[in-house]
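Student: Can you look at this prediction? I've put the sequence above it.
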Amino acid sequence: MKFLFKIFNYFFSSKNKVLAHRIHQITGIAPANPAIYRMAFNHRAGANNNHAKNQSNERLEYLGDAVLSLVVGEYLFQKYPYANEGFLTKMRARIVQRKSLNSLAVFLQLDEIMQEYNNTQISKTMLGNALEALVGAVYLENGFDKTKWFIISKIIRPHIDFNLLETHDDNYKSRLLEYCQKESKQVEFQLIQKTKLNKRDCFKVAVLVDNVRYGTAEEYNKKSAEQIASHKALIKIGLITPNPS
């Protein structure tokens, strides 16, 4: 592996050598095509022109999301041989949810690479997207088996606390929906406003319970805004104690 890595590096430009070294540190796999990894970190919001936008990481993110979900699902299936479908589905959702991916991307120091390849402020959501795109890039270049090894050995085992996941549920939207269903209450999420901030879409969302507004939130990602608004609603209802400031 080290020998091949040296050969690949011989043909790389100095900038590509730096990127290749970083990818190797993160994934444990020596990259042969730095261009595909550059694309993984090129967010559409940071593009200067239409050509750059067409070279964004959205397609790789789509692919990586599918591969990540499959690997995590199989890992949980093997780890919990007697667990039912509902438990496995919840555990997978907690691992691959946006908040978890954002945090994992920070642990892997993807934020430093993102800063170099984008002309915009880097948000947490962009980091989670980049992690999925990185998985997609690894898959395209190395196939499923090596990508599975990368996800398990470099992401799941060192960074996922399964004991915490089993007991902690921070899917606030799901908890709010379950509560309203149990109490025969109507819940509705309304998009109040959609604006542009730092060349990116920004969503302001409100959650209504029985036509009464219980929380609002504004985020770059609509689903994230719904989660924050749901968290506020659960605090107002009294199901969650607010964190001390």
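Tutor: Perfect, thanks for sending it. Quick caveat, the model's predicted, so the values are computed rather than measured.
Student: And the helices in this structure, which stretches?
Tutor: Using DSSP state H, the helices of the chain run over 2-11, 14-27, 34-40, 50-54, 58-79, 85-96, 98-107, 110-117, 124-142, 144-150, 157-159, 162-167, 172-182, 222-237.
Student: what's the last one packed up against?
Tutor: Packed against helix 222-237 by the contact rule (3 or more C-beta pairs under 8 Å, 6 or more residues apart in numbering; DSSP states H and E) you find helix 98-107, helix 172-182, strand 187-197, strand 200-209, strand 212-219. Yep, even glycine has a C-beta here, placed from its N, CA and C like the rest.
Student: list the buried ones in that helix?
Tutor: Buried residues in helix 222-237, counted by 16 or more other C-beta atoms under 10 Å: 222, 224-237.
Student: What's the local residue count around Val138?
Tutor: 29 (other C-beta atoms under 10 Å).
Student: Correct me if wrong: it contacts Thr27.
Tutor: Yes: counting by C-beta atoms under 8 Å, Val138 touches Thr27, with 5.8 Å between them.
Student: Pull up the overlap in contacts between the two.
Tutor: Phe150 (C-beta atoms under 8 Å, 6 or more residues apart in numbering).
Student: Against Leu165, how distant is Lys17?
Tutor: Distance of Lys17 to Leu165, computed by C-beta to C-beta, to the nearest Å: 38 Å.
Student: Show me the domain layout of this structure.
Tutor: 2-167, 172-237 (automatic domain parsing).
Student: just to revisit the earlier point, adding mean pLDDT and distance to Asn118, write the helices and strands packed on helix 222-237 out as JSON lines.
Tutor: Compiled in JSON lines, the helices and strands packed on helix 222-237 are given as follows (pLDDT from 0 to 100; distance: least, C-beta to C-beta, whole Å):
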{"stretch": "helix 98-107", "mean pLDDT": "91", "distance to Asn118": "14"}
{"stretch": "helix 172-182", "mean pLDDT": "90", "distance to Asn118": "29"}
{"stretch": "strand 187-197", "mean pLDDT": "90", "distance to Asn118": "15"}
{"stretch": "strand 200-209", "mean pLDDT": "90", "distance to Asn118": "11"}
{"stretch": "strand 212-219", "mean pLDDT": "92", "distance to Asn118": "18"}
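Student: So for Leu60, which of the ones you listed sits nearest?
Tutor: Comparing those against Leu60 with C-beta to C-beta, the closest turns out to be helix 98-107 (14.0 Å).
Student: Show me what that closest one is packed against.
Tutor: Going by 3+ C-beta pairs under 8 Å, 6+ apart, helix 98-107 lies up against helix 124-142, helix 222-237.
Student: what's the shortest one in contact with?
Tutor: Translated: helix 222-237. Counting by C-beta under 8 Å, 6+ apart, 98-99, 125, 171-173, 175-176, 179, 189, 191, 203-207, 209, 214-219, 240-242 sit against helix 222-237.
Student: How about stretch 103-120?
Tutor: 19, 22, 26, 38, 41-43, 45-48, 122, 124, 126-128, 130-131, 134, 154-155, 159, 198-200.
Student: What remains of those residues if I keep only buried residues?
Tutor: Buried among the contacts of stretch 103-120 (16+ other C-beta under 10 Å): 19, 22, 26, 38, 41-43, 45-47, 122, 124, 126-128, 130-131, 134, 154-155, 200.
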